[in-house]
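Enquirer: Structure, please.
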Amino acid sequence: MYPHRNLTFVIMLTKADTVDSRWKSDNYAPLIERGMEVFNQMVSLCKQNPTWEGGIVPVSAVGEGNVTRIVTPTGDIIHPFKSEDKIVGFPAPLNAEHVLFYCLGQTLKQMRGEAHKSIKQREKELAEVLKKAGLVNKIWSLITRKPDAESIARAILEEKNKDYEVLSQFEPHIEPLLAKALERVRRIA
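Expert: Here you go, the predicted structure:
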């Protein structure tokens, strides 16, 4: 359990283009359900850790209908089957981009949340410093020719706000990116 450590992951069910058609129905729902069973330990861990974001998605590098598989029994107990895959069409990856969209969207979403927390914390710290930065502090800073506590606190807050401004450029794109990813990636928790 790492309840305060963010983690984003995607379980990729690879070679989804070569599975039997019964696994492909309803946008691969049976395959995803089986994947959830197989990776139950990871699914369970994700549900226990509120800062974890997990997904599961069938993927293929070659794409639907672009590969044929011939499976032949060998009679060997250790290796009972021999599988031969052959690319028969131009590769058109299946769901590969959705893995990236999901991870990027979730990471940016987590960063946005952390940035909002950080700004609130900095504002709280600034308020505390400003309470303590009274007339004596201002006079002392004039005598020593050093910045007073208020100036230092405001400079720190401005620096942190610049970091947030960079992230805020991405904010309008986070939800659309996640929405696109969730067309194919199923959330685990």
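Enquirer: For this structure, just list every one of the strands.
Expert: 7-13, 52-58, 67-73, 81-87, 186-187 (DSSP state E).
Enquirer: Mind listing the strands the fourth one pairs with, and their directions?
Expert: For strand 81-87, sheet partners with direction are given as strand 67-73 (antiparallel), following DSSP bridges.
Enquirer: same check, this time on the last one
Expert: Strands that pair with strand 186-187, judged by DSSP bridges, come out as strand 52-58 (antiparallel).
Enquirer: mind listing the helices for this structure?
Expert: 25-38, 40-48, 96-132, 135-144, 149-168, 171-181 (DSSP state H).
Enquirer: Can you flag the weakest of these by average pLDDT?
Expert: Of all these, helix 135-144 carries the lowest average pLDDT, namely a mean of 71.
Enquirer: ok so, going back, quick one, which of the strands of the chain is nearest to Cys46?
Expert: strand 52-58 (4.1 Å; C-beta to C-beta). Just so you know, the C-beta spots here come from the backbone N, C-alpha and C atoms, and that holds for glycine as well.
Enquirer: And for the closest one, what's in contact with it?
Expert: Outside strand 52-58, the residues that touch it by C-beta atoms under 8 Å, 6 or more residues apart in numbering are 6-13, 16, 19, 28, 31-32, 35-36, 39, 42-43, 45-46, 94-95, 98-99, 102, 106, 109-110, 181, 184-189.
Enquirer: hey, C-alpha coordinates of that strand in PDB?
Expert: Output of strand 52-58 as PDB, limited to C-alpha atoms (Å, rounded to 0.1, in the frame of the first residue of the first chain):
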ATOM      1  CA  TRP A  52      -3.600   5.000  -8.300                       C
ATOM      2  CA  GLU A  53      -5.200   5.100 -11.700                       C
ATOM      3  CA  GLY A  54      -5.300   1.900 -13.700                       C
ATOM      4  CA  GLY A  55      -6.800   0.800 -17.000                       C
ATOM      5  CA  ILE A  56      -7.000  -2.300 -19.200                       C
ATOM      6  CA  VAL A  57      -7.100  -2.400 -23.000                       C
ATOM      7  CA  PRO A  58      -6.700  -4.900 -25.800                       C
END
